[in-house]
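Enquirer: Structure of the sequence below:
(one chain, ligands or ions: 1)
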Amino acid sequence: MDLKYKWATEDIYESLNAWESDFKNVAKPDFSEFRGKLNTAQGFLACMKKEEEFGKILEKLSVYAFMKHDENTKDSVYDALLNRVNSVAVKFSAETSFIIPELIALDKSVIQSYIDNPALSDYDYSLRCVLKNKEHVLSEAEEKLLSMSAEALSSFKDVFTKIDNADLPISQFTHNGKKYPLSHGLYGVYMQDSDRTLRKKAFKVYYRAYISLINSISATYYGSVKSDVFFAKAKKYPSALAAAIAGEDVDVKVYKNLISSVHTALPILHEYMSEKKKALNLDKMYMYDAYVPTVENADIKLDYDDAYKLVIKGLSVLGKEYTELLIKAHDNRWLDVYESDGKRSGAYSIAVYGVHPYVLLNYQKTTHDVFTIAHEMGHSIHSYFSNRAQNYAKADYKIFVAEVASTVNEVLLCRYLIENEKDVKLKKYLLSYLMEMIRTTLFRQTQFAEFEEKVHALVEKGVPLNKDNMSKIYLALNKKYYGKAIVSGGEIKYEWARIPHFYRAFYVYKYATGIISALAIADRILTEGAPAVNDYFKFLSSGGSDSPVELLKIAGVDLTTEKPFTGAFKVFKDALEKFKSL
Ligand SMILES: [Zn+2]
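Expert: Next up, the predicted model:
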């Protein structure tokens, strides 16, 4: 294969020897000299500097091993490298685990003096988080008991995983005299099949499996919710919701605002569903019809270099600097493009502080693959800007904002293609691509988020959860979100029983706030031009220097207000209008 389509790992390490000699520098992390010394600014700074120095090298070592491993997962050499660096990472985190508790134990006034100290400005945001956390720290004995109970109480998730991956009675079903295998992955494929009877059968058989274990699953999920509520109460949070999202430094009002703003836009979703019903020529529409593509797949079928050029054109509204960076990434081999024997499947972006970001692709000429280039380069350039502008301590951005830049790129590219495409079929395909993305990422994840909020609130009031009250709540939500176009009866009331994400409470709302932010930013860029791009670049350069909600405000997105939602829903409505007119 042509070397120019393989990523330049030599930018991280020239050779295995170079990796080995760096490895020697961190093989035995020892932070004992700093224990008990964080109570002076000098002691704290010295410890932070050493932690950073170690962290940077460890990042280089592990990203290199990870990437080399993914180039050919069959090659055991890099498996061994990965294991070695992982075991050092475990030692490193054990060695530095005293830092946060020791800081939290400091007097408030001492922490505040560190925050105000210009020499410690790299750490002001983390110290502010420490200060916030301080209110929720219990006595040493109580903390010890809590952490002892944590392992036992996390078992609910393991129980669900076992049910879902081992005990769930799904294997196959028969359709037109032929046997079809069924698994979690294949279920998603069947839901997009144009054969309606096949979809219906797959749906019924899949749900029947969950229903056959519904009492066990209900008890398991109830246990998981109870432990969320227990920890929140023990740690003196007003609710399980507040406790969960405090981890990302997000306020409850962002969560509430998401749900109430999405409610105002439900009529557009209802209209979209009835339009989809019409386009699919259905007399009645069921949940197993919701995922079937409205327009048959229309592939752009471009060679990689042409697809990359198209991405550059689609994102040209971001200006010269962005375009030049995309070209630089292409020409300097930041991307590993094609499938090869043993190469990891899928796509991702990964960055090394002090080097540059990388992207793994498995490019196949589908329209989706073109969007994947835009998506992953969005992550990469976000990392590039943040790593360039921020010191190591503040460079990493939080999960809450992680999908914003990638989605901005997808939306910009999609809107560019829709604007410029002459072929009606492809144009309709692109419009439905955008609308389905909004339906599944924005509306569906908010529906999940609302369900989580409701069931946790019940348990906080002392109401036990069971299959009946959870299914009743879920069915009411499903009717509310999808409206009259869909027949919301039967099995769908048990959908909550099959969502693994629910065992990581209050996580999925981030998908919804991420796409809302991206739609609002893309819309602002397309309507305001340069000033909006400027603000967006400032956001991309802000890394993890403040709370993610504050950082988004730099790009003009205030998630505590309705404004970004209005912009995002306008995009959905416009797309729907265009689709109807075609
Ligand atoms: Zn992504």
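Enquirer: ok, which stretches of the stretch 401-550 of the chain are strands?
Expert: 486-487 (DSSP state E, counting those that start in this stretch).
Enquirer: Show me the shaky parts of it.
Expert: Low-confidence segments of the stretch 401-550 of the chain (pLDDT under 70): none present.
Enquirer: And the residue of the chain most remote from its centre, its phi and psi?
Expert: Relative to the centre of the chain, the most outlying C-alpha is that of Gly177, 40.7 Å out, by CA atoms, centre = their mean. The phi/psi pair for Gly177 (degrees, to the nearest 10) reads phi 80, psi 0.
Enquirer: mind checking pLDDT for it?
Expert: Note for Gly177: predicted pLDDT of 94.
Enquirer: cool, Thr566 as well?
Expert: pLDDT recorded at Thr566 is 91.
Enquirer: For it, give its distance to Val557.
Expert: 12 Å (CB to CB, to the nearest Å). Where C-beta positions appear, they are placed from N, C-alpha and C, glycine not excepted.
Enquirer: Ok, Ser261 next?
Expert: In terms of CB to CB, Ser261 sits 13 Å off from Val557.
Enquirer: Looking at the two, which is more packed in?
Expert: Taking other CB atoms under 10 Å, Ser261 and Val557 do not tie; Val557 has more neighbours (28 against 21).
Enquirer: Which residues in the lowest-mean-pLDDT helix or strand in the chain does the neighbour count mark as buried?
Expert: Within the chain, no helix or strand scores below helix 140-153, which has a mean of 87 by mean pLDDT, DSSP states H and E. Within helix 140-153, the residues that count as buried by 16 or more other CB atoms under 10 Å are Leu153.
Enquirer: residues in contact with it?
Expert: By CB atoms under 8 Å, 6 or more residues apart in numbering, the surrounding residues in contact with helix 140-153 are 137-138, 227, 230-231, 234-235.
Enquirer: Now the helix ranked longest in the chain: buried residues?
Expert: Looking across the chain with DSSP state H, the single longest helix is helix 41-71. Across helix 41-71, burial judged by 16+ other CB under 10 Å covers 43-45, 47-48, 50-51, 54-55, 57-71.
Enquirer: What's the first helix or strand after that helix?
Expert: Going down the chain from helix 41-71, the next helix or strand is helix 76-95, by DSSP states H and E.
Enquirer: so what does that next one touch, helix or strand wise?
Expert: helix 16-26, helix 41-71 (3 or more CB pairs under 8 Å, 6 or more residues apart in numbering; DSSP states H and E).
Enquirer: which residue packs closest to Ser171, ignoring adjacent ones?
Expert: Leu182 (6.3 Å; CB to CB, 6 or more residues apart in numbering).
Enquirer: Just the buried residues of the contacts of helix 140-153.
Expert: Counted by 16+ other CB under 10 Å, those give 137, 227, 231, 234-235 as buried.
Enquirer: Quick one: the helices in the stretch 351-500 of the chain, in order.
Expert: 367-389, 392-395, 399-402, 404-420, 424-437, 444-460, 467-482 (DSSP state H, counting those that start in this stretch).
Enquirer: Of the ones you listed, which is nearest Asp195?
Expert: helix 424-437 (19.3 Å; CB to CB).
Enquirer: Next, the angle helix 404-420 makes with the closest one.
Expert: 150 degrees (axes from the mean of the first three to the mean of the last three CA atoms, to 10 degrees).
Enquirer: check contacts around Ser386.
Expert: So Ser386 contacts 395-397, 540-544 (CB under 8 Å, 6+ apart).
Enquirer: go on, Asp423?
Expert: Residues near Asp423 by CB under 8 Å, 6+ apart: Ala298.
Enquirer: and the closest residue to Asp11 other than its chain neighbours, backbone torsions?
Expert: Among residues not flanking Asp11 along the chain, Val355 sits closest, at 5.4 Å (CB to CB, 6+ apart). With angles defined as degrees, to the nearest 10, Val355 sits at phi -110, psi -100.
Enquirer: Surely Val355 and Glu59 touch.
Expert: No: contact criterion CB atoms under 8 Å: Val355 and Glu59 do not qualify, at 9.5 Å.
Enquirer: hmm, back to that, state the number of residues packed around the residue nearest to Ser171.
Expert: Counted with other CB under 10 Å, Leu182 comes out at 18.
Enquirer: Can you add neighbour count and distance to Pro464 and give the contacts of Ser386 back as a markdown table?
Expert: Listed next are those as a markdown table, based on neighbours: other CB atoms under 10 Å; distance: CB to CB, whole Å:
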| residue | neighbour count | distance to Pro464 |
| --- | --- | --- |
| Ala395 | 21 | 46 |
| Asp396 | 17 | 41 |
| Tyr397 | 23 | 40 |
| Leu540 | 27 | 47 |
| Ser541 | 19 | 49 |
| Ser542 | 24 | 44 |
| Gly543 | 26 | 44 |
| Gly544 | 19 | 40 |
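Enquirer: Kindly indicate which of these lies nearest Phe371.
Expert: Among these, and counting by CB to CB, the member closest to Phe371 is Leu540, at 19.5 Å.
Enquirer: closest one to Asp249 among the helices of the stretch 351-500 of the chain?
Expert: From those, taking CB to CB, the stretch that ends up closest is helix 399-402, at 8.2 Å.
Enquirer: For that closest one, list every residue counted as buried.
Expert: 400-402.
Enquirer: Same check on stretch 473-482?
Expert: So, applying 16+ other CB under 10 Å, buried residues of stretch 473-482: 473-475, 477-479, 481-482.
Enquirer: can you check stretch 502-511 too?
Expert: Applying 16+ other CB under 10 Å to stretch 502-511 flags 502-503, 505-511 as buried.
Enquirer: picking that back up, quick one: the helices of the stretch 351-500 of the chain as CSV, columns for distance to Tyr222 too.
Expert: Putting the helices of the stretch 351-500 of the chain into CSV (distance: least, CB to CB, whole Å) gives the following:
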stretch, distance to Tyr222
helix 367-389, 37
helix 392-395, 40
helix 399-402, 27
helix 404-420, 34
helix 424-437, 33
helix 444-460, 8
helix 467-482, 8
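Enquirer: mind checking which of these is nearest Pro548?
Expert: That would be helix 399-402 among these, by CB to CB, at 3.9 Å.
Enquirer: Tell me the helices and strands packed up against that closest one.
Expert: Using 3+ CB pairs under 8 Å, 6+ apart, helix 399-402 is in contact with helix 509-528, helix 548-554.
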